[in-house]
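S.K.: Test case, fold it:
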Amino acid sequence: MVLCPGCHDMATKGALPEPEQRKLKARPFNIEQGLTYGQLTVTQGPLALTLGSILVINDGPILAIGDVTVLSVIQEDGAALLSIDLRDEAGTQLLLVVDNEWILGPPEVWDMQADYQRLTLHAKARDIRLSLNLKTTPGRLRGRFWHAGQFVEVAADGIRTESGLMMSDLAFVRLPATFVANGSWSLGAAGISGYIISEADPMNRYAKAVNAYRGHPGNVVEPIA
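M.R.: Numbers count the residues shown, from 1 in each chain. Alright, predicted model coming up:
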């Protein structure tokens, strides 16, 4: 198949599978509007992300601090659109991703390494503020999120806050997590039902979460309404 240089690079690196190539060939408007420099490519659907040892699959907000959503995914037509709002302690925007497209990456960022399915951002030497890998299934995200003086860290072992709250070894399906100023947190939102899965084995946790997301939870998950 004949591809433009940009899409050829994506295909060579495994970021643009053949079925997606053919879909884009049939709809060139998508190429003109979406697949541009600074675009993340998501090839798995539904998109599942590991936030440390927390697995999340959601269509909508995933992580919020107060009234600001810092991580969300829109799942539609077998594709996923990822959005990230990353700021530092002073509220300076380090990176803004909207529907897979980089909107802002300011010069004061010490270093940013990016490919179609990977993104690593340093605020300064050895200070990694965001690490995203979409080449794996599920995808992996680590990051340090700030809003209005509140801090949430997605670390290798789970999600933690400055107040000492720690969550690990769970899966949240269709349940956004919101952290508030007093250190407390909540799952879900009005009119939304979902599931919490407690499973020690990561691959079993992923399989159960995908089944729950697709509407086949069986008897292995805890429903939240």
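S.K.: okay, CA-based contacts and neighbour counts for the rest of this
M.R.: Fine.
S.K.: quick check: domain ranges of this structure?
M.R.: Domain ranges of the chain: 1-36, 49-211, per automatic domain parsing.
S.K.: what mean pLDDT does the biggest helix by length in the chain have?
M.R.: Longest helix in the chain by number of residues, with DSSP state H as the criterion: helix 202-213. In this model, helix 202-213 carries a mean pLDDT of 92.
S.K.: For whichever strand or helix holds Ser83, name the packing helices and strands.
M.R.: Under the criterion of DSSP states H and E, Ser83 resides in strand 79-87. Judged by 3 or more C-alpha pairs under 8 Å, 6 or more residues apart in numbering; DSSP states H and E, the packing partners of strand 79-87 are strand 68-76, strand 93-98, strand 139-147.
S.K.: the bottom helix or strand of this structure by mean pLDDT?
M.R.: helix 28-33 (a mean of 41; mean pLDDT, DSSP states H and E).
S.K.: Please report the distance of the nearest residue to Ala64 once chain neighbours are set aside from Ser83.
M.R.: Excluding the flanking residues, the one nearest Ala64 by C-alpha to C-alpha, 6 or more residues apart in numbering is Thr178, at 4.6 Å. Counting by C-alpha to C-alpha, to the nearest Å, the gap from Thr178 to Ser83 is 16 Å.
S.K.: before we move on, back to that, for the strand holding Ser83, give the mean pLDDT please.
M.R.: The average pLDDT within strand 79-87 is 91.
S.K.: Just give me how far that strand sits from the chain centre.
M.R.: 6 Å (C-alpha atoms, centre = their mean, to the nearest Å).
S.K.: can you state the direction angle for it and strand 68-76?
M.R.: 170 degrees (axes from the mean of the first three to the mean of the last three C-alpha atoms, to 10 degrees).
S.K.: so what strands line up beside strand 79-87?
M.R.: strand 68-76 (antiparallel), strand 93-98 (antiparallel) (DSSP bridges).
S.K.: which one of those strands lies closest to Met203?
M.R.: Set against Met203 and scored by C-alpha to C-alpha, those come closest in strand 68-76, at 21.3 Å.
S.K.: now the angle between strand 139-147 and the closest one, please.
M.R.: Strand 68-76 and strand 139-147 are oriented at 150 degrees to each other (the same axes, to 10 degrees).
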